[in-house]
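Asker: Sequence and predicted structure, then a few things I'm wondering about:
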Amino acid sequence: MTLTDPVRLALALLGLSFLFSLLAILRNLRTLREEPPDEGADIGGTIEAVAQDWRVIVPHLVELRRRLFHSVLALAITTAASFTFTPQLLAVLRAPLPDDANVIAATITDPLGMFMRIALTAGFILAVPFIATQFWIFVAQGLKSNERRTMYWFVPGATILFTTGVAFAYFVMLPTAIPFLLQIFPDVPGFLRLSDYVADVTRLLFWVGLSFEMPLVLAALARVGLVTARQLLHSWRIAVVAIAIVAALVTPTADPINMGLVMLPLFGLYLLSTLLAALVRREKRAPLPRKPKGRFRLFKRKANKQE
């Protein structure tokens, strides 16, 4: 069975998601061009203003509700569109299994739950550009014009990182984890419940793809001043422990091989996050004292000789 047609359809839907993201930006272009009311406001000033009068956040909550509604609507549309090629996606998910694997549907409701899970996961992947755009529009309304320029890479960056994480989990992790798990007891015949297998695989694809968004999250925190590149470098030991915990939760097993496959790229992304944090928000350094130029000293000497 060829999978060319479902892949083409998925790419077309992903392109439509980018197109709708561009249309959403153009629709809110006038709002995005406006400067925020208080250009000198920071996080501390915002918290103080909210403490004095909580009603100042009501327009922001209304805007957040609007962006969440658009995101949920886009997710519903892409999930409904994914129903057309869900059987082909099931064949893609079963590809890492060996040919002699016994896959069964244990209950009558297993196919329906599996169908909805696959469609929802595919719908979220297709809706990532539009959801990232809605988040960017909400955040950009509180930024200055020069700060918005540094956020233009957010939507394509979020999409590229998420799809890269999904591809890494599918092409690297699954071919390594599945044979390892099936060969623990080679003499015992195993029957895989199809719904459990699909649940484990889709959960792995989703969370690995989401964990690859770490550079964008840390870069955004650095842009608003919550973290700095120096703090990230000094906290690398804490980052290793946190990445190990994430790897243990994401991988199907806690063996060192599968955990290492997740920890290595995540730690590389952490180093990339440190670099992005240094680029988006350069730390202020004290200016070096300027030395007087030689010609002024020369003129001064001539003046002293004349006196």
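Answerer: Received the coordinates, thanks.

Asker: Any regions of this structure where pLDDT drops low?
Answerer: Per-residue confidence for the chain (pLDDT under 70) gives these ranges: 1-11, 13, 31-32, 35-56, 146-152, 186, 188-190, 253-254, 281-307.

Asker: domain ranges for it?
Answerer: Domain segmentation of the chain under automatic domain parsing yields 1-32+44-212, 213-282.

Asker: how about these in a markdown table, adding mean neighbour count?
Answerer: For glycine as for every other residue, the C-beta is placed from the backbone atoms N, C-alpha and C. As requested, the domains of the chain are exported to a markdown table (neighbours: other Cβ atoms under 10 Å):
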| stretch | mean neighbour count |
| --- | --- |
| domain 1-32+44-212 | 16 |
| domain 213-282 | 17 |
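
Asker: Pick out the residue closest to the middle of this structure.
Answerer: With distances taken as Cα atoms, centre = their mean, E213 lies nearest the centre of the chain, 2.4 Å away.

Asker: Could you find the closest non-adjacent residue to that residue?
Answerer: L161 (5.4 Å; Cβ to Cβ, 6 or more residues apart in numbering).

Asker: so that neighbour makes contact with L210?
Answerer: No - assessed by Cβ atoms under 8 Å, L161 is found out of contact with L210, at 9.4 Å.

Asker: Please report how far R223 lies from P252.
Answerer: To P252, R223 is 35 Å away according to Cβ to Cβ, to the nearest Å.

Asker: and if you look at R30?
Answerer: 49 Å.

Asker: secondary structure element for the closest residue to E63 other than its chain neighbours?
Answerer: Take E63 and drop its neighbours on the chain: the residue closest to it by Cβ to Cβ, 6+ apart is F138, 6.1 Å away. Element membership for F138 (DSSP states H and E) is helix 110-140.

Asker: Tell me which other helices or strands that helix touches.
Answerer: helix 4-27, helix 29-33, helix 58-82, helix 86-94, helix 154-168, helix 194-211 (3 or more Cβ pairs under 8 Å, 6 or more residues apart in numbering; DSSP states H and E).

Asker: and the angle from the longest one to helix 110-140?
Answerer: It stands for helix 58-82. Computed by axes from the mean of the first three to the mean of the last three Cα atoms, to 10 degrees, the angle separating helix 58-82 from helix 110-140 equals 140 degrees.

Asker: hmm, back to that, got the contact list for the residue nearest to E213?
Answerer: For L161, the contacting residues are 212-213, 215-216, by Cβ atoms under 8 Å, 6 or more residues apart in numbering.

Asker: now the helix holding F138, how far from the centre of its chain.
Answerer: How far helix 110-140 lies from its chain's middle: 13 Å, per Cα atoms, centre = their mean, to the nearest Å.

Asker: swap in stretch 270-279?
Answerer: Counting by Cα atoms, centre = their mean, stretch 270-279 comes out at 14 Å from the chain centroid.

Asker: contact partners of it?
Answerer: 214-215, 217-219, 221-222, 227-229, 232-233, 236, 239, 243.

Asker: Looking at those, point me to the pair that's furthest apart.
Answerer: T228 and I243 (19.7 Å; Cβ to Cβ).
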